[in-house]
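> here you go, sequence then predicted model.
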Amino acid sequence: MTDLIKQNLDAHSTDSTGSPQAGGGQAKLRSPIVVVLGHVDHGKSSLLQYIRKTEMLKKEAGGITQATGAYEVLHKDKLITFLDTPGHEAFSKMRSRGANVADLAILVVAADDGVKPQTKESIQILKQSNTPFVVAINKIDKNNADIEKVKQDLAQNEVLLEGYGGDISFELISAKTGEGVDKLLDLLLFAAEFLDLSYDESKPATGIIIEAKLDKFRGNEVTMIIKDGTLRKGEEIFTATAKGKIKALQNFIRENVDELQPSSPAVILGFEILPQVGEIFSTDEKAILNTDIELKDKNNRGKTEKGVEELIIILKADSSGSLEAAAQIIGALKEDEVGIRIWGEGVGNITDSDVKDASAAHATIIGFNTTADKAVEVLAQNQNVKIIISKIVYELIDKLKVELIRIKIPPPQGILEVLKVFNQKNNEQLVGGKVTEGEIKNKSYLDIKRGEVILGHGRIKSLRSGKQDASRVEVGKECGVFLESPVVVEVGDIIIVPPPSK
């Protein structure tokens with residue numbers, strides 16, 4: 001870190017050897033908070049990677065951003081705070097929250113791809129939140145870049161650029177080579193001059209929670225953006241759902257500080273329980289008493305209508321933001337008449353308590369960007385509890401769809417393995433076998449399977465268990481089956497009684 005960056009960070013914070021800035025209640029200018037929005041793979045993270053000169057993309061599973069991060073960068077001796085928001089469609093709530101926190105936005109559109117679904121959604125979010133924005137037309141280094149088409153696409157979505165019938169500033173950039181990036185940052189600083197970005201350092205600190213997670217070693221770790229006042233180590237802190245005392249205060253590069261001022265990202269330890277992502281925080285309890293917050297009903301999220309089949313889920317994730325995003329993914333998934341209900345959820349690794357809860361609720365455990373140790377996996381196997389884990393949202397979606405399809409196709413009423421063939425005459429056959437699943441009922445229709453192929457169909461004319469006629473034979477028992485079918489049954493064949501028609 002250069003001395004110049006260090007000096008600017010010190011202007012926002014005071015470490016244990018310094019002294020706080022003097023108060024006085026006068027308004028002071030703060031640096032702009034900028035959110036980066038756009039369609040997946042259009043280069044949002046690549047742009048921030050170039051600006052910060054870091055390897056941010058390599059730290060993300062699958063090369064996509066899956067949590068909201070906050071970073072400060074220095075441009076022409078001025079600080080800019082950036083919020084990096086996920087681009088996958090499942091993270092629309094997190095993108096919307098980022099826009100509401102931010103003073104300005106960059107709408108990134110790829111020159112070789114144009115306006116796409118999440119581009120349109122980002123435009124809608126920016127308009128609804130009244131967030132001023134500039135457009136970055138990225139990937140101009142690509143051979144198939146079509147800048148005029150991008151401008152036309154934007155115009156069709158009511159984004160009129162300067163020189164193209166409107167007044168929205170734009171810059172042509174390449175996040176890969178860095179072309180145009182400095183000019184883009186100039187645009188942001190110029191736009192910030194027209195906004196009233198001020199704060200009163202004497203006020204209690206207020207701002208927005210942008211991430212919350214349980215760290216195995218550090219405890220409840222919360223990331224926030226300060227919007228007003230001064231945040232100090234040792235102060236009590238409150239949200240609508242949580243409270244605590246700031247035991248440790250760090251800036252975005254994880255340096256311990258005694259205080260931070262607005263526009264600064266802050267990481268704190270000390271909340272008694274994890275607050276919800278998106279909540280307003282304050283060091284004045286009275287300031288958040290009337291705060292409206294959409295509280296989560298953990299036992300009803302994704303609840304299906306009465307009579308509709310459902311996949312019951314216990315959801316775990318590494319952070320509150322990831323948990324919310326995963327819940328949104330699950331809520332959006334549909335497979336005909338099969339629904340999903342989140343029976344429980346939490347932050348942290350999957351534990352034996354989660355397995356016991358899942359066993360009691362006949363639930364499947366879904367882990368997003370989290371893990372289960374070997375002892376937990378063994379317990380789950382013994383309890384017949386399925387655990388599905390993924391660090392990448394696309395893989396999680398695919399695995400969940402497989403589970404929904406399994407529910408949509410109901411299991412057969414019963415399966416019998418043919419152990420012996422006694423006699424066969426015309427289409428009538430007497431065979432002996434063992435019920436391996438469910439139960440076999442008299443007069444049922446059946447399928448005859450050999451290997452992986454259904455050879456044909458038939459009907460049970462009578463059942464015998466031991467020497468007695470039977471109306472049904474349960475799993476684990478042997479029986480004789482007198483059946484009618486044009487298929488000549490052989491030892492090793494499987495007789496399947498399909499589920500009843502709906």
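All right, it came through fine. Keep in mind that this is a model prediction, so the values were computed, not measured.
> may I have the beta-bridge partners of residue 339?
Assessed by DSSP bridges, residue 339 has beta-bridge partners residue 310.
> so it touches residue 313, yeah?
No - at 10.7 Å, residue 339 does not count as touching residue 313 under the criterion of Cβ atoms under 8 Å. Every residue, glycine included, has its C-beta placed from N, CA and C.
> middle-most residue in this protein, spatially?
When Cα atoms, centre = their mean is applied to the chain, the residue found nearest the centroid is residue 325 (2.8 Å).
> list phi and psi for it.
When read as degrees, to the nearest 10, the backbone of residue 325 gives phi -60, psi -40.
> tell me the confidence at it?
As predicted, residue 325 sits at a pLDDT of 79.
> same question for residue 166.
pLDDT at residue 166 comes out at 88.
> tell me who's in contact with the residue nearest to it when sequence neighbours are not counted.
The spatial neighbour of residue 166 that comes closest, neighbours along the chain excluded (Cβ to Cβ, 6 or more residues apart in numbering), is residue 160 at 2.3 Å. By Cβ atoms under 8 Å, 6 or more residues apart in numbering, the residues touching residue 160 are 154, 166, 167, 168.
> could you do residue 422 as well?
Contact analysis of residue 422 by Cβ under 8 Å, 6+ apart lists 430, 431, 432, 480.
> what is the neighbour count of the closest residue to residue 369 other than its chain neighbours?
Excluding the flanking residues, the one nearest residue 369 by Cβ to Cβ, 6+ apart is residue 318, at 4.5 Å. Residues near residue 318, counting by other Cβ atoms under 10 Å, number 22.
> surely residue 318 meets residue 213?
Yes - with contact defined as Cβ under 8 Å, residue 318 reaches residue 213; the gap is 5.9 Å.
> which residue, other than its chain neighbours, is closest to residue 449?
residue 494 (4.3 Å).
> the host helix or strand of residue 80 packs against which elements?
If you go by DSSP states H and E, residue 80 is part of strand 78-84. Other helices and strands packing on strand 78-84, by 3 or more Cβ pairs under 8 Å, 6 or more residues apart in numbering; DSSP states H and E, are helix 3-12, strand 33-38, helix 44-52, strand 69-75, helix 181-192.
> so for the fourth one, what gets flagged as buried?
Think strand 69-75. For strand 69-75, burial by neighbour count (16 or more other Cβ atoms under 10 Å) applies to 69, 70, 71, 72, 73, 74.
> quick one on the thing from earlier: give me the more crowded residue out of residue 339 and residue 313.
Taking other Cβ under 10 Å, residue 339 and residue 313 do not tie; residue 313 has more neighbours (26 against 20).
> so where's the stretch 201-350 of the chain uncertain?
289-309, 334-337 (pLDDT under 70).
> please enumerate the strands of it.
206-215, 219-228, 231-232, 236-238, 243-250, 259-260, 265-271, 280-282, 310-317, 339-347 (DSSP state E, counting those that start in this stretch).
> report the angle between the axes of the first one and strand 219-228?
Interaxial angle of strand 206-215 relative to strand 219-228 (axes from the mean of the first three to the mean of the last three Cα atoms, to 10 degrees): 170 degrees.
> please identify the buried residues of strand 206-215?
Within strand 206-215, the residues that qualify as buried are 206, 207, 208, 209, 210, 211, 212, 213, 214, counting by 16+ other Cβ under 10 Å.
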